[in-house]
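>>> next comes the sequence, and after it the predicted model I'd like to discuss.
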Amino acid sequence: MKLIMDKKINIWRERIVSFTIGALCLFVVSLLMGAASDYQNSTLNYGRYQISSWATQLNRGSGAVGAFVLDTVSGETRTVYMRTYGDPGDTRVVKNNLKKSFSAMR
């Protein structure tokens, strides 16, 4: 009977020790993940600029396409690219700011 009780006590000790070690490991991992994500989000421009594209049909065989950038801090929107299309001679680029910074676009 004593041998059975000792065996049960040892099983419970192993379970408690395993649970404690697992909880400590989880705690350390969550601390490290929190420190890493806090470090990555410390930049001021993280997610500041968002880009969107658009297209519209002007006539039966022509239209316009483009893209714009939105500054989420100031709410300002600037057109990055705009082009009309249609017959081969009618296609023209209206605006091309693809290699410019946001402040250089007007």
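Everything's here; your move.
>>> next up, phi/psi of residue 85, please.
phi -140, psi 160 (degrees, to the nearest 10).
>>> which residue comes closest to it once chain neighbours are left out?
Nearest residue to residue 85 in three dimensions, chain neighbours excluded: residue 91, at 5.0 Å (CB to CB, 6 or more residues apart in numbering). Bear in mind the C-beta positions are built from the backbone N, C-alpha and C, glycine included.
>>> that neighbour: how many residues sit nearby?
Neighbours of residue 91 under the rule other CB atoms under 10 Å: 11.
>>> that one contacts residue 83, doesn't it?
Yes: here residue 91 reaches residue 83: they are 7.2 Å apart, a contact under CB atoms under 8 Å.
>>> and the most centrally placed residue in the chain, how far from residue 2?
For the chain, the residue nearest the mean C-alpha position is residue 47 (7.2 Å; CA atoms, centre = their mean). Distance, residue 47 to residue 2, using CB to CB, to the nearest Å: 65 Å.
>>> do the same with residue 29
Applying CB to CB to residue 29 and residue 2 gives a distance of 41 Å.
>>> again, but for residue 103
Distance from residue 103 to residue 2, by CB to CB: 82 Å.
>>> could you do residue 87 as well?
From residue 87 to residue 2 the distance is 98 Å (CB to CB).
>>> low-confidence ranges, the chain, go.
Scanning the chain for pLDDT under 70 picks out the ranges 1, 35-46, 88.
>>> and it, what are its domains?
According to automatic domain parsing, the chain comprises the domains 1-42, 49-104.
>>> deepest-packed of those, please.
domain 49-104 (a mean of 12; mean count of other CB atoms under 10 Å).
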